[in-house]
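Q: need a structure here:
(one chain, ligands or ions: 1)
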Amino acid sequence: MELVPTRLSGCLQVRPFFAKDDRGTFVKTFHAERFEELGLPVSWREEYYSTSHQGVIRGMHFQTPPHDHEKLVYCQQGRVLDVVLDLRTQSSTFGQHLAVELDAARGDGLLIPKGMAHGFLALTPDVIMAYKVTTTYAPAHDAGIRWDSFGLDWGIEHPVLSARDAAHPPFADFQSPF
Ligand SMILES: Cc1cn([C@H]2C[C@H](O)[C@@H](COP(=O)(O)OP(=O)(O)O[C@H]3O[C@@H](C)C(=O)[C@@H](O)[C@H]3O)O2)c(=O)[nH]c1=O
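A: Down below sits the predicted model:
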């Protein structure tokens, strides 16, 4: 398992052990010792997955302190444009984003630190996204920023959004608690 830095500090691309044979694939998505060696989180409190149709955008989501969390995400079926937005006011990349393709055919993932919003666009039909997070769901602290408000060209004009995601405040109006 390789953990590769990105231009947003603390946000790492995860290249897991990936094996393919006549039966299909084998992917190891987490290795506590490897994460511990690098000072990365190992105490996951919840794990969940979602399915999405092509053209769906989910995000940009985060939990506010004290319920903020690290997140380990993988696309387990299909392909997504995965997007992270830096909300850490003391960060040199505050307000900047990272957009990477996660492809189940490669098995790669993303480790997202506290203080970042996360979202994705489903690029293929029947996407499955899987998550591990270091705090449990806290609905009153579950927050978002509007997908089209921070300068990313998603390459889609009319994505499918939840009513909640369509109503998030734009980044320009957002007072970051991080
Ligand atoms: C996130 C979450 C949602 N829910 C509920 C709330 C709602 O009824 C239903 C669907 O919630 P949402 O519409 O927020 O689901 P979704 O848009 O898939 O939310 C996810 O989006 C991506 C981008 C992330 O980064 C994730 O951490 C998570 O926020 O599930 C939980 O019970 N536990 C949870 O941890």
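Q: Please determine how far the residue most central in space within the chain is located from residue 37.
A: Per CA atoms, centre = their mean, the C-alpha nearest to the average position across the chain is that of residue 118, at 4.4 Å. Here the criterion is CB to CB, to the nearest Å. By it, residue 118 lies 25 Å from residue 37. Any C-beta I mention is one placed from the backbone N, CA and C, and that applies to glycine too.
Q: Same check on residue 31?
A: Look at residue 31 and residue 37: by CB to CB, they are 9 Å apart.
Q: More neighbours: which of these two?
A: Set residue 31 next to residue 37 and count neighbours by other CB atoms under 10 Å: residue 31 wins out with 15 against 10.
Q: Quick check, pLDDT for the more buried one.
A: Listed pLDDT for residue 31 reads 95.
Q: which residues touch it?
A: Neighbouring residues of residue 31 by CB atoms under 8 Å, 6 or more residues apart in numbering: residue 1.
Q: Look up how far residue 167 lies from it.
A: Separation of residue 31 from residue 167 (CB to CB): 39 Å.
Q: Kindly report the same for residue 158.
A: 16 Å.
Q: near the ligand, which residues of the protein show up?
A: 48, 50, 58-59, 61, 71, 118-120, 131, 137, 162 (CB under 6 Å from any ligand atom).
Q: residues touching the residue in the chain sticking out farthest from the centre, list them.
A: Relative to the centre of the chain, the most outlying C-alpha is that of residue 22, 30.7 Å out, by CA atoms, centre = their mean. Residues counted as contacts of residue 22 (CB under 8 Å, 6+ apart): none.
Q: quick revisit: helix or strand for the residue nearest to the centre of the chain, which one?
A: Element membership for residue 118, per DSSP states H and E: strand 116-122.
Q: That strand pairs with which strands?
A: strand 57-63 (antiparallel), strand 79-86 (antiparallel) (DSSP bridges).
Q: Output those strands in a markdown table, with distance to residue 6 and mean pLDDT appended to each entry.
A: Converted to a markdown table, the strands paired with strand 116-122 look like this (distance: least, CB to CB, whole Å; pLDDT from 0 to 100):
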| stretch | distance to residue 6 | mean pLDDT |
| --- | --- | --- |
| strand 57-63 | 16 | 98 |
| strand 79-86 | 8 | 98 |
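Q: neighbour count winner among residue 158 and residue 167?
A: In terms of neighbours (other CB under 10 Å), residue 167 is the more surrounded of residue 158 and residue 167; the figures are 10 against 6.
Q: now that one: how far from the ligand?
A: Residue 167 sits 12 Å away from the ligand, taking CB to the nearest ligand atom, to the nearest Å as the criterion.
Q: Check residue 171 too.
A: According to CB to the nearest ligand atom, residue 171 stands 16 Å off from the ligand.
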